[in-house]
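S.K.: Got a predicted structure plus its sequence, pasted below:
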Amino acid sequence: MTGPVVVGVDGSPSSLAAVEIAAREADRRGVELRLAHALGPEPGEVTPGVPPWDPGGAEQRDRVNGALGDAEWRARRVAPRLTITRGVLVGAPETVLGLEVRSASLAVLGSGRRSGLNGLLHGSVAGRLSADGGCPVLVVCGRPARTGSVVLADDASPAFREAAEFAFAEAAERGTDLVVLNRHGARTSRALSDLRAKHPDVAVRLQRVRGRVGRRLAEVSVGAQLVVIGVGRRGHGTGMPSRAAGRKVLRYAHCPVVVVPGEKA
């Protein structure tokens with residue numbers, strides 16, 4: 001997919017860390033980086049010629065421009081030649097970001113609990129954004145690392161196939177191995193056979209997991225580069241990343257987590 005990488009910006013340390021990762025991802029994919037700042041509920045009437053996100057005057061404008069300027073500086077420090085665009089989104093952050101990411105190849109969010117885009121991660125908003133927006137959502141949990149495995153959760157999600165394709169591609173691009181937390185024995189191995197043939201250079205390690213996979217995902221994330229989990233699109237159920245397992249890994253992971261949507265029903 002050639003759409004931009006979209007990153008939520010609110011000026012917090014969490015979102016600035018997300019901007020750096022988003023810049024690397026956009027540079028690696030050869031696409032533009034879109035900085036998105038959401039301002040909450042849509043305001044009432046504003047004076048003609050006044051931006052709808054700045055009805056009160058320059059104070060709000062300066063704050064927003066300052067947050068976006070800091071974010072762009074951080075992005076250019078990582079990828080100096082990257083094409084960067086900015087967007088100020090007016091409306092409920094979850095709604096407007098969902099619309100923004102529909103044409104994206106990847107959305108990136110910090111894991112902070114502040115207001116704005118990044119404060120939405122409590123619960124399973126990353127899963128809902130994936131389910132509604134239709135693109136993978138990378139949540140910057142823990143400390144990002146340049147080494148370590150890519151970890152894939154086989155958690156009976158309706159999006160397991162799409163999550164597996166994403167995980168194999170990431171492992172191949174990063175030159176690392178793929179660890180699959182396997183709850184379904186030989187069935188999982190068969191499901192991955194064509195992807196193993198497509199990516200012969202990716203070493204695959206199946207780790208059998210009994211019971212709930214959420215805790216094990218959090219444990220293996222300590223030495224990983226990336227954890228990948230699936231989420232059903234609207235019409236395939238809740239639009240949440242494997243319910244309790246997904247929430248647990250988003251809360252306790254020590255590395256970034258990517259939530260991948262399944263095919264639209």
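M.R.: Looks like it arrived, so ask away. Quantities reported herein were computed from a predicted structural model and do not represent experimental measurements.
S.K.: Can you show me the helices along the stretch 51-200 of the chain?
M.R.: Assigned by DSSP state H, counting those that start in this stretch, the stretch 51-200 of the chain shows helices spanning 58-78, 93-100, 125-133, 160-174, 186-191, 193-198.
S.K.: May I have the second one exported as CSV, CA atoms only?
M.R.: Right, the one you point to is helix 93-100. Extracted as CSV, the C-alpha positions of helix 93-100 are listed here (Å, rounded to 0.1, in the frame of the first residue of the first chain):
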residue,chain,number,x,y,z
PRO,A,93,-10.4,12.3,18.1
GLU,A,94,-11.4,8.7,17.6
THR,A,95,-13.8,9.6,14.8
VAL,A,96,-11.6,12.1,12.9
LEU,A,97,-8.5,9.9,13.2
GLY,A,98,-10.5,6.9,11.9
LEU,A,99,-11.4,8.9,8.8
GLU,A,100,-7.8,10.2,8.4
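S.K.: By average pLDDT, which secondary structure element in the protein comes out worst?
M.R.: In the chain, no helix or strand scores lower on mean pLDDT, DSSP states H and E than helix 125-133, which sits at a mean of 62.
S.K.: If you average pLDDT over each of the helices of the stretch 51-200 of the chain, which is lowest?
M.R.: Ranked on mean pLDDT, the bottom entry among the helices of the stretch 51-200 of the chain is helix 125-133, at a mean of 62.
S.K.: Nearest spatial neighbour of Gly11, chain-adjacent residues omitted?
M.R.: Ala67 (3.6 Å; C-beta to C-beta, 6 or more residues apart in numbering). For the C-beta atoms, the positions are set from N, CA and C on the backbone; glycine is no exception.
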